[in-house]
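Participant: predicted structure and sequence below. I'll ask about it afterward.
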Amino acid sequence: MDESFKKNEEKMKTLVAAMKQKLQAVFPSQKAIDKLHEKGKLSARERIDLLLDKDSQTLEIGAFVGDGMYAEHGGCPAGGVVVVIGKVSGKQCVVVANDATVKAGAWFPITGKKNLRAQEIAMENRLPIIYLVDSAGVYLPLQDEIFPDKEHFGRIFRNNAIMSSMGIPQIAAVMGSCVAGGAYLPIMSDESLIVKKTGSIFLAGSYLVKAAIGEDVDNETLGGSKTHCEISGVTDYECENDTECLSKIRELVDKFGSFDLAGFDRKKAVVPKEKEGELYGTFNSATNKAHNVKDIIARLVDASKFDEYKEGFGKTIVCGYARIDGWAVGIVANQRGIIKTAKGEMQFGGVIYSDSADKAARFIMNCNQKKIPLVFLQDVTGFMVGSRSEQGGIIKDGAKLVSAVANSVVPKFTIVIGNSFGAGNYAMCGKAYDPRLIVAWPTAQIAVMGGEQAAKVLLQIQVATMKAKGEEVDKVKEEEEFAKIKARYEAQTSPYYAAARLWVDAIIDPLDTRKWIAQGIEAANHAPITKQFSVGIIQT
């Protein structure tokens, strides 16, 4: 191993360790958990652990959601809700559990976005979804950001109705409060359970009822388990405690029938021939340094076997077929470093040129034709600029690639391993292009452009403004302003900034990449492809 490998490995180890440490801050304190236990309730994560199969591989969606947000409101770790994809009674499901240790499970704006993302995953992949409800409803100080718009709280119930019409099973367990508009969730699910004494469902609590109509009534009589299981008929099953409730859910899921599959090809899984652990040292996160993305692919795919498409053409994007955990995949990956073309021209790695855009678009068409899921490995600084590229039709060729990605009907999975800048983010299947899952390594950077370039552009604007106001701007002042702008901008390129806002579903250890892709394709295989691929007016 050379010195560069060791430096890369050490840097990645440090970043992964920092990520795992940061993740610990998302979990509730033992004191908060003890308070729940005193009330006869389990925490959200304890409930999920009891619900899922013991040997189930799990994917947690949005663990870093809300990171650094809502400080003036006390924060909202993990968005106040835990979302996991895992197996219940042998069947892959999406589980959504309110975290009552965060403002009594109240909904912040980002909570709504995370819940909608969970439902989106269930709908796209036709996965059963299980809601473990324990929420005080909308967080009132921020109600204007969560209540009335298209992607706000009400969209949850619209999705309940849509999933019901699609035949996607939904189970709701009321294990705590379920109030106001949120009371519709369990009733719009296929089956609902409620836990004695701790579970309650009502449109308005006792205080509001007293204020509205003058009636004196306690919450248990108003909306407890006896009321809804014996009088209103709102809920279907009454459970003694959380443990019994979760066991009942497992029994219900155990009886689910099987559904049609998409039919993606899978053979027996084979571990990579190249050591997967060498991913840490193989990837160089420094933007101005080169590495060969094929070395990374070799440590991700089964038997390290990669059938490259158009190997000698369009070299700044690498395309080819492989298997990951037995699943057939088509890989589209940005190449890093200076590349010499057959014409003797030099191209910058990480930049998309006309030839690489054309190649990738054609490869994506082939994968759609053959019903092969796509995996994008993003490390892109954007499309090539300059008069030569513009005259060569870079916009037209870029449009072909973006159109192919947008119209792709096979499931897409995006791993942001390094840079994800500008239109390159779009062309390589960023969040706006509906990847079934999109995750980032700790080395990821997501922004319109790199921090250095952006800071220079913003500095020019700021200096011009200051001079227009008659302010003196010397070299020292410029350097100070540049440092401030760069620091502020680079904070926004951090993968944690992206994860907090759900631009990515998770930040992962690179060694978990195979698991995320394999579990994602297993989920996608539940949803048969019903559309025909077409690129429309942009022909390749």
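Facilitator: Everything's here; your move.

Participant: so what touches the helix or strand hosting residue 296?
Facilitator: Using DSSP states H and E, residue 296 sits in helix 293-298. Helix 293-298 is contacted from outside by 272-274, 279, 282-283, 304, 306, 308, 318, 320, 322, 331, 333-336, 377, 379, 417, using C-beta atoms under 8 Å, 6 or more residues apart in numbering. Any C-beta I mention is one placed from the backbone N, CA and C, and that applies to glycine too.

Participant: run the chain-centre distance for it.
Facilitator: A distance of 23 Å separates the centroid of the chain from that of helix 293-298, by C-alpha atoms, centre = their mean, to the nearest Å.

Participant: do stretch 410-417 as well
Facilitator: On C-alpha atoms, centre = their mean, the centre of stretch 410-417 falls 11 Å from the chain's centre.

Participant: how far does stretch 155-172 sit from its chain's centre?
Facilitator: 20 Å.

Participant: what secondary structure does residue 8 sit in?
Facilitator: helix (DSSP: H, G, I helix; E, B strand; the rest coil).

Participant: how many neighbouring residues does residue 398 have?
Facilitator: Counted with other C-beta atoms under 10 Å, the neighbours of residue 398 add up to 25.

Participant: that one contacts residue 352, doesn't it?
Facilitator: Yes - using C-beta atoms under 8 Å, residue 398 is in contact with residue 352, at 6.8 Å.

Participant: first vs last residue of stretch 437-444, how far apart are they?
Facilitator: 16 Å (C-alpha to C-alpha, to the nearest Å).

Participant: cool, stretch 229-246 as well?
Facilitator: 17 Å.

Participant: list the buried residues in that stretch.
Facilitator: 229, 234, 235, 236, 237, 238, 239, 241, 242, 245, 246 (16 or more other C-beta atoms under 10 Å).

Participant: quick check: the third one is in a strand.
Facilitator: Okay, so that is residue 235. No - using three-state DSSP, the assignment for residue 235 is coil, not a strand.

Participant: look up how far residue 274 lies from it.
Facilitator: 54 Å (C-beta to C-beta, to the nearest Å).

Participant: re the thing from before, so what sits against both of residue 398 and residue 352?
Facilitator: 383, 427.

Participant: make sure residue 182 is actually in contact with residue 146.
Facilitator: No - counting by C-beta under 8 Å, residue 146 is not a contact partner of residue 182; they are 11.5 Å apart.

Participant: name the residues contacting each of those two.
Facilitator: residue 107.

Participant: show me the shaky parts of the stretch 151-300 of the chain.
Facilitator: Across the stretch 151-300 of the chain, residues meeting the criterion (pLDDT under 70) sit at 181, 287-288.

Participant: also the chain?
Facilitator: For the chain, the ranges with pLDDT under 70 are 1, 181, 287-288, 451, 454, 537-540.

Participant: which residue of it sits farthest from its center?
Facilitator: residue 470 (47.4 Å; C-alpha atoms, centre = their mean).

Participant: where's it relative to residue 96, distance?
Facilitator: 57 Å.

Participant: which residue packs closest to residue 282, ignoring adjacent ones?
Facilitator: Of all residues not flanking residue 282 in the chain, residue 295 sits nearest, at 4.8 Å (C-beta to C-beta, 6 or more residues apart in numbering).

Participant: residue 28 now?
Facilitator: In space, residue 28 is closest to residue 101, 3.9 Å off (C-beta to C-beta, 6+ apart).

Participant: which SS state does residue 329 fall under?
Facilitator: Per three-state DSSP, residue 329 ends up strand.

Participant: and the gap between the nearest residue to it once chain neighbours are set aside and residue 120?
Facilitator: Nearest non-adjacent residue to residue 329, counting by C-beta to C-beta, 6+ apart: residue 375, 4.9 Å away. Distance of residue 375 to residue 120, given as C-beta to C-beta: 20 Å.

Participant: more neighbours: the two, which one.
Facilitator: It is residue 375, of residue 375 and residue 120, that has more neighbours when counted by other C-beta under 10 Å, with 28 against 14.

Participant: show me the contacts for the more buried one.
Facilitator: By C-beta under 8 Å, 6+ apart, the neighbours of residue 375 are 324, 329, 330, 331, 332, 412, 413, 414, 415, 517.

Participant: which parts of the stretch 251-400 of the chain are helices?
Facilitator: All helices of the stretch 251-400 of the chain, identified by DSSP state H, counting those that start in this stretch, fall at 279-282, 293-298, 354-370, 387-391, 394-407.
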